[in-house]
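Undergrad: My questions concern the predicted model and sequence given below.
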Amino acid sequence: MTSTTLTSPAQVSAPPRQPPLPALTGLRTLLALDIILFHFTPPHPDFLSIFINNGFVFVGWFFLISGFILSYNYSPRAATLVSRDFWLARFARLYPVYLLVLILSFPMLQAEWFAHSRADFWRGLILTPLLMQGWSPSLATFWNTVAWTLSSEVLLYLAFPYIIRGWSRHLPWLSTPARLIALFFALWIIGLLPHTAYLLLNPDHLAVPADRYTYGFWIRFLRYTPFPYICTFLAGVTLGKLHLALTLTPRQRLALATTGLTALLVAFYTIVPHVPYVLLHGALLLPLFATLILGLSAPHPLTTLFSWKPLVLLGETTYCLYLLHFNAFILIHKWNLPQRLHVASLDPWISYIVLILLAVAAHHLVENPARKFILRRTAQTS
């Protein structure tokens, strides 16, 4: 007796997946929580202010990690990577939750109606479901303020199969550790050029130095549109290649992780308060982030700390948490839910807990089932 099962081309041809890197998942949790505190800041000890007030720098870190993880997972199987399968897997994971959050955020459109001209409102209404709002500096934060990152991710995901296959076929000489390190720093410097030019030219004609509240066409271009994040993502791809090319002992990885973490702590308390906002947003700290990522990509005591199970479990929901948190927090307080439920004395902490619970629910009830459903249906029709 025989049975037939339907499998996709990716399932047939793909080599075994790379081992997971749970410490990076735990790290992603800490970054996501800091971004929430950056957007909606509670009372906190003064020593945490430098991390909370500069939480915007961690958005660039997500692009670095994204490039690193994709490179780590797909570099060994670049020759067998099918673009359609890769794009479908990305769509199946990202879009269902994205659409869910837009539906839940429908009440936010009332504010958008009054904040924009009629033409811009309808343009935003069309671009946002298509994940294209980030291409417009004035509409990048339309409907769901934080979802502009998805516009950048779409561009980078569309390009990734060509990048990783082209690298494997045409740039094999660019795979030694020394050359990869040189490429990483070249990408870092190139990525800082637009932000440096902004400081020198002041195209928005600012009377005071830019900060997180500054509004101007060109600073919004640097914050929200895809182009300023290309070098950060490519630096992550290069870092993934470097990780695979290096032969380091656990003790050496521990030294890297300790160095990266210590350097970041020192930088935040000494350099960050005095560096222009535009340069920080332009991934000035990228080499320090990269050092920590490389160090946490192999087993050792510090990796064990970042792989703490609750951190990793929550890290699996950070995509949902990131997309949900901004509008959900606003709606919770727009409808005065803490007061109505007589828990206002516990706010904003009770709101943070609700955001986490919503993210866990969205992950288990929407993200995972929808992804499996889409992949199963497309496998059946291919």
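TA: That came through, no problem.
Undergrad: what about the chain, any weak spots by pLDDT?
TA: The chain contains residues with pLDDT under 70 at 1-16, 382.
Undergrad: ok, 80 please
TA: Along the chain, the parts satisfying pLDDT under 80 run over 1-17, 380-382.
Undergrad: pull the longest helix from it.
TA: What stands out as the longest helix in the chain, according to DSSP state H, is helix 177-201.
Undergrad: Point out the other helices and strands that that helix packs with.
TA: Judged by 3 or more Cβ pairs under 8 Å, 6 or more residues apart in numbering; DSSP states H and E, helix 177-201 is in contact with helix 217-224, helix 230-245, helix 277-281, helix 286-295. Backbone N, C-alpha and C define where each C-beta goes, glycine included.
Undergrad: would you turn those helices into JSON lines with mean neighbour count and distance to residue 132?
TA: Below are those laid out as JSON lines (neighbours: other Cβ atoms under 10 Å; distance: least, Cβ to Cβ, whole Å):
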{"stretch": "helix 217-224", "mean neighbour count": "19", "distance to residue 132": "12"}
{"stretch": "helix 230-245", "mean neighbour count": "24", "distance to residue 132": "17"}
{"stretch": "helix 277-281", "mean neighbour count": "19", "distance to residue 132": "22"}
{"stretch": "helix 286-295", "mean neighbour count": "23", "distance to residue 132": "27"}
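Undergrad: Nearest residue to residue 314 in space, please, no chain neighbours.
TA: Residue nearest to residue 314 in three dimensions, not counting chain neighbours: residue 29, with 4.8 Å by Cβ to Cβ, 6 or more residues apart in numbering.
Undergrad: Need the contact partners of the helix or strand hosting the one you found.
TA: Element membership for residue 29, per DSSP states H and E: helix 22-39. With contacts defined as Cβ atoms under 8 Å, 6 or more residues apart in numbering, helix 22-39 is touched by 44, 51-56, 58-59, 61-62, 65, 68-69, 146, 292-293, 296-297, 302-304, 306-308, 311-312, 314-316, 318, 321-322, 325-326, 329, 352, 355.
Undergrad: Can you give me the distance of the residue nearest to residue 258 when sequence neighbours are not counted to residue 285?
TA: In space, residue 258 comes closest to residue 302 once its chain neighbours are excluded; the distance is 6.5 Å by Cβ to Cβ, 6+ apart. Using Cβ to Cβ, to the nearest Å, we find residue 302 at a distance of 19 Å from residue 285.
Undergrad: Neighbour count: these two, which is higher?
TA: When neighbours are counted by other Cβ atoms under 10 Å, residue 302 and residue 285 differ, and residue 285 comes out ahead with 23 against 20.
Undergrad: List the residues that contact the more buried one.
TA: 57, 264, 267, 272.
Undergrad: neighbours of the spatially closest residue to residue 331 that is not a sequence neighbour, just the number please.
TA: Distances taken as Cβ to Cβ, 6+ apart put residue 107 closest to residue 331, at 6.3 Å, once the chain neighbours are dropped. A count of neighbours around residue 107, defined by other Cβ under 10 Å, yields 12.
Undergrad: Next: residue 272.
TA: Neighbours of residue 272 (other Cβ under 10 Å): 18.
Undergrad: switch to numbering from 10
TA: Yes, from this point I'll number from 10; that puts the last item at residue 281.
Undergrad: Look up the closest residue to it, ignoring the ones flanking it.
TA: Here the residue nearest residue 281, using Cβ to Cβ, 6+ apart, is residue 63, at 5.7 Å.
Undergrad: what's the spacing between the one you found and residue 351?
TA: For residue 63, the distance to residue 351 - Cβ to Cβ - is 35 Å.
Undergrad: Look at the two and report which has more neighbours.
TA: residue 63 (20 against 8).
Undergrad: Contact partners for the more buried one?
TA: Residue 63 sits next to 47, 277, 281, 289 when contact means Cβ under 8 Å, 6+ apart.
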